[in-house]
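S.K.: predicted model and sequence below, questions to follow.
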Amino acid sequence: MILQALHDYYRRLLDENRAVAQGFQEKEIPFVIVLDAKGTFVDLEDTRSGEGRNRRARRFIVPDRPRILVDGIDLEPYLGGAVREAPPPAPRRQDPPRFYICPNDEATLRVRPGTPEGKYKCPLDGAVMRSGVGPGRQYWLLE
């Protein structure tokens, strides 16, 4: 009996536009992207109203979560009711930067990947730096 009364009250609120339907939410959206029928950008519409710091965005009723649609068919029932996220992209493989270390003061020079091998002199004392990786206190980046 109480559940039926709550259900009737919810339906009455929906009829009076004082509640949103299940699966939707009311959200402030400050800017709306306007597209034509082909999906081409037409305009960026500012929905904010008011002055200065009191500007408020217009409220819209939007789905409370994204849905997967393919050719207008909702795939959620076929996915077991759970929306699956795409796996993250594989990290790019890059050559690690090379480091040259001064034997006297442990100053470190970082050389970008793709830079040819060479002999580098320490910017502090002019000693020839050796190739390797180490905990230097000062770093220089060779452009």
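M.R.: That came through fine.
S.K.: quick check: the residue positioned nearest the centre of the chain vs residue 13, distance?
M.R.: Nearest to the mean C-alpha position of the chain, by CA atoms, centre = their mean, lies residue 88 at 12.0 Å. Separation of residue 88 from residue 13 (CB to CB, to the nearest Å): 41 Å. Any C-beta I mention is one placed from the backbone N, CA and C, and that applies to glycine too.
S.K.: what about this protein, any weak spots by pLDDT?
M.R.: The model of the chain has pLDDT under 70 over residues 66-69, 72, 74-87, 90, 92-97, 105-106, 113, 132-143.
S.K.: okay, now residue 99: neighbour count?
M.R.: Using other CB atoms under 10 Å, residue 99 is surrounded by 17 other residues.
S.K.: now residue 101
M.R.: Neighbours of residue 101 (other CB under 10 Å): 19.
S.K.: next one: the one 10 residues further on
M.R.: By the measure other CB under 10 Å, the count of residues near residue 111 is 20.
S.K.: now it, which residues is it bridged with?
M.R.: Per DSSP bridges, the residues bridged to residue 111 are residue 98, residue 142.
S.K.: wait, a helix at the residue nearest to the centre of the chain?
M.R.: No - looking at residue 88 with DSSP: H, G, I helix; E, B strand; the rest coil, it is coil, so not inside a helix.
S.K.: separation between it and residue 29?
M.R.: With distances taken as CB to CB, residue 88 is found 28 Å from residue 29.
S.K.: ok, now residue 36?
M.R.: Taking CB to CB, one finds residue 36 at 20 Å from residue 29.
S.K.: in terms of neighbours, single out the busier of these two.
M.R.: Remark: of residue 36 and residue 29, residue 29 carries more neighbours, 13 against 9, as counted by other CB under 10 Å.
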